[in-house]
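>>> Need a 3D model of the sequence below.
(chains A, B, C and D)
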4 protein chains.
Amino acid sequence: MRKSVPLLGAFLLAGAAAALECAEAARSRTKEATDQTQLDDLVVANRILSDQGVVDGFGHVSARHEADATRFLLARSMAPGLVTADDIMEFDLDGSALDPRGRTLYVERFIHSEIYKAHPEIKAIVHSHSPSIIPFGTTSVPLRPIYHMSSFLGAGVPIFEIREAGGLATDMLIRDPELGAALARRLGKSAVVLMRGHGDVVVGSNIQNVVWRAYYTEINARMLAQAIAIGGGPIMYLSAEEAVLTDASMQRVEARPWQLWKQKALGR
Amino acid sequence: MRKSVPLLGAFLLAGAAAALECAEAARSRTKEATDQTQLDDLVVANRILSDQGVVDGFGHVSARHEADATRFLLARSMAPGLVTADDIMEFDLDGSALDPRGRTLYVERFIHSEIYKAHPEIKAIVHSHSPSIIPFGTTSVPLRPIYHMSSFLGAGVPIFEIREAGGLATDMLIRDPELGAALARRLGKSAVVLMRGHGDVVVGSNIQNVVWRAYYTEINARMLAQAIAIGGGPIMYLSAEEAVLTDASMQRVEARPWQLWKQKALGR
Amino acid sequence: MRKSVPLLGAFLLAGAAAALECAEAARSRTKEATDQTQLDDLVVANRILSDQGVVDGFGHVSARHEADATRFLLARSMAPGLVTADDIMEFDLDGSALDPRGRTLYVERFIHSEIYKAHPEIKAIVHSHSPSIIPFGTTSVPLRPIYHMSSFLGAGVPIFEIREAGGLATDMLIRDPELGAALARRLGKSAVVLMRGHGDVVVGSNIQNVVWRAYYTEINARMLAQAIAIGGGPIMYLSAEEAVLTDASMQRVEARPWQLWKQKALGR
Amino acid sequence: MRKSVPLLGAFLLAGAAAALECAEAARSRTKEATDQTQLDDLVVANRILSDQGVVDGFGHVSARHEADATRFLLARSMAPGLVTADDIMEFDLDGSALDPRGRTLYVERFIHSEIYKAHPEIKAIVHSHSPSIIPFGTTSVPLRPIYHMSSFLGAGVPIFEIREAGGLATDMLIRDPELGAALARRLGKSAVVLMRGHGDVVVGSNIQNVVWRAYYTEINARMLAQAIAIGGGPIMYLSAEEAVLTDASMQRVEARPWQLWKQKALGR
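Model prediction:
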């Protein structure tokens, strides 16, 4: 323990500096460089989601491999807020690690593998227990978009009841491909599926997109709970048409919050 | 409150008086120096609003140019928390950048241009998606002042419904001068207008004033939601008369929180 | 007093160590030293209340002078979070500064002067707009103690309605001795008085005591609002007897949170 | 969940298995080294609970001594966020310090001594006033698990009413062995017991386990309050069976948040 304190100090200094160095080195790369960029973005995504409170010690974010649609990138089993590039591993669509190296894997990696298998258009996935969405998974009040930032919710937010796919006696986890496939079916064409008594899964067209969606799903849930509490008659949600048009516009400005979140997450 | 009534005349002049005092030191400066001070204050305003959670990756703050009422200052399209002096641009009242330099502009700059055009007395504007005000834009519960810090809400807080001006199929954004003009009309003589499913616009007599108002609009909304939730009969709001008198007094002390917020925002 | 500025710098660098050293060094001081300790504690109180969110840019904390009960210490008009020893001034019980030095004074210093005048047993006072207490000042739901940390609320929390003392047309501020005296009467033997549409005043037997009370008044209000929201029948408050016994016990451990809060407030 | 039932046996062994793995590295250590590790973990537990807002200036965490089940480790009377290894003391099951050194002790150390005496399987205990659980101690709404992270609540959360054991006139504190014994009886086989008007006690099989439970009890209470507020019919809690299976699985991954929390708590 005498030694652990100086070691920890070193780790803490390493933070933002490592990320910057990493980005620096990436500038003149070729194909490996592209892969490296995706890898770096995935590390940043882990840090942002942790820094913004979407994930705590649990939750994970993955990206479909840019060069091979049958693979995806996901960290080894650990808290997202501590993930570095070295922790990212490659998996196939059965949820097997290509190079396991004896590492502990997320039990729930089948969330990712089965959704990538079922939905070719999906390129990035977040699974979280983000605090404001849990209540909406346990009641009959639908999670709908109350402002433009969460317009992607306009396609509807289904609830996945694990008892339907796994029976009455489960540990709530998506711990095998069958449960992952059932979850992927429940997701359908939506951007978000709530998991009763567990959390949610958010999908997107790229890493920045899915981080945006995971963040604003949480914010929308918090605001909607507040709107319900203040009362005053029916809440005016975005209409289906407004949601579609707004989501298209919002996707054009995804880089804007990413820059801010990245600086906050790596600067600490 | 025997003394408050005679003092009222003085209070009503307080805004201008404070501005004059502030400007006193500036009198011997050249025009460039004056511009620089306003520019610096606008950067600080961006940082404060981000640091205090009024804006996240989105939202913007502008100021009418001190030397030319037909121009205003606004950042290029980016997260307010990252704005530096170099990012601030000048716009005319049609929302055109005087020196575009190929930069990406806020799609919604017409919020600013049209309000400055319609309301000559307005010198600074904040547009935000501040979290506690969104619910009030989606219900029929009016946002009214429950304490002295938000007395500027006493003039009423209208809700802008974009469907009335833009039809049923919009992306919710104030993306052209016509929508900006409709929003400016809905604002009227109020300090704040809520935008259904989007956010709000807060206007003021100078940069410190509008930052105060944007901040305390958020705080008032949060407290009011809490007051509604605890119940206990009708909420005692500030009366119209109290609101007018209090707003005049509060404008005398606008510099007090600004110093604190500035240190917090720049100290990180 | 002149020496305190360099001393404060040292505190900021040294954190808890400085506090311990300070306490150590204080042991053999004379009367000036005692005054200096009180002064330093008042600076710390300002910083703690700001750091813990009891005050924002506004609010103030005072202490009755240890060596002269007809005087009290209070900062010049500024944000509590920025107060240094040099900003603390002495006032008499009419609210006049003994050495004004042309400084701007808190308009509401009469809160302090009149309460000290009316209640000789009171040695320290906090006035704040602490966020969770504002709603309780605007409704008929009484603020009562739901746990032991806020047992001092057991004596009841009256609401001061400025319209009764100041008429319908005020700016909500305690800006003269008459209003201060009315507020002091409304306080009575309670530890806290709510001010409708404004905030509260908390009184105590010393600086640590009043900081504790201001903090736990806020926390109690937040928890009570939550208890009301979850429903489930009548809330079990501390009984009057429990409140008296508990308050006595709690006063014996006031130094415990102070040390933590001090380190947090000065360490940033 | 075909696989979950055969896996169940493994899950039920998971706690012990994890403990053995953890202990593996320790096998060649001397007894002193083992003690040192437990001591260091207890310091970290204090810091984590403070950093994560489970405790404020008050609350405490203890561990049954690894080498002697008739002793436990607990800090001297101080804020948990400031505890260092030197502040940890040893107590016997009567709540007496083995080496008092004239230090001030927590008045409520009998919470720990009596629970360790009554429940040999309990190895670590947290007592806190964690903010979201206080309301549930004052109403009749039961605190039940709404997600997998708090599945340990499935055994039920009794409320301890001090009036039953201590009479109508107490200071709410567990200040003697008799009150501690009554509290231990009320706890029974649950993981958590709420104390009306005071806080809660959380028990576990080791330090990481009890920190997890104290943290997620708070988070579950916050989420449940939100679920109640949004309404929408009966809340879908984890069933008793789901809770048992999930708790077993969760104990396998207790180290994951610990690493994150530790870095956050010590890095500040």
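
>>> Provide the secondary structure category for whatever residue of chain A ends up closest to chain C.
Scanning chain A for the residue nearest chain C gives residue A:229, at 7.5 Å (criterion: C-beta to the nearest C-beta). Yep, even glycine has a C-beta here, placed from its N, CA and C like the rest. Look at residue A:229: counting by DSSP: H, G, I helix; E, B strand; the rest coil, its state is helix.

>>> residue contacts, it?
Contacts for residue A:229 were tallied using C-beta atoms under 8 Å, 6 or more residues apart in numbering or on different chains; they are B:225, B:228-229, C:229, D:229-230.

>>> One more pass at 10 Å, please.
B:135, B:225-226, B:228-229, C:229, D:226, D:229-231 (C-beta atoms under 10 Å, 6 or more residues apart in numbering or on different chains).

>>> and what of residue A:247?
Going by C-beta under 10 Å, 6+ apart, the list of residues near residue A:247 reads A:145, A:148, A:150-155, A:191, A:213, A:238, B:171.

>>> which residues touch the residue lying closest to residue A:155 once chain neighbours are set aside?
Distances taken as C-beta to C-beta, 6 or more residues apart in numbering or on different chains place residue A:190 nearest to residue A:155, at 4.9 Å, with adjacent residues excluded. By C-beta under 10 Å, 6+ apart, residue A:190 lies in contact with A:152-158, A:201-203.

>>> Could you report the separation of the residue of chain A closest to chain C from residue B:139?
10 Å (C-beta to C-beta, to the nearest Å).

>>> helix or strand for whichever residue of chain A sits closest to chain B, which one?
In chain A, the residue that lies nearest chain B is residue A:257 (2.6 Å; C-beta to the nearest C-beta). Using DSSP states H and E, residue A:257 maps to helix A:255-267.

>>> Mind listing what's buried along that helix?
Neighbour-count burial for helix A:255-267, counted by 16 or more other C-beta atoms under 10 Å in any protein chain shown, picks out A:256-258, A:260-262, A:264-266.

>>> So the helix or strand containing residue A:63, near chain D or not?
In the assignment (DSSP H and E), residue A:63 maps to strand A:60-64. No: for strand A:60-64, no contact with chain D is found by C-beta under 10 Å from any C-beta of the partner chain; the gap never falls below 11.0 Å.

>>> Quick check: phi and psi on residue A:246?
Per-residue torsions, residue A:246: phi -70, psi -40 (degrees, to the nearest 10).

>>> before we move on, the earlier item: relative to chain D, how far out is the closest residue to the residue of chain A closest to chain B other than its chain neighbours?
The shortest distance from residue A:257 to any non-neighbouring residue, by C-beta to C-beta, 6+ apart, is to residue B:57 (2.6 Å). Applying C-beta to the nearest C-beta, to the nearest Å, the value for residue B:57 to chain D is 23 Å.

>>> Residue A:189 too?
For residue A:189, the distance to chain D - C-beta to the nearest C-beta - is 24 Å.

>>> Spit out the contact partners of that residue.
Here residue A:189 is in contact with A:119, A:121, A:155-156, A:203 (C-beta under 10 Å, 6+ apart).

>>> mind running it again at 8 Å?
Residue A:189 neighbours (C-beta under 8 Å, 6+ apart): residue A:155.
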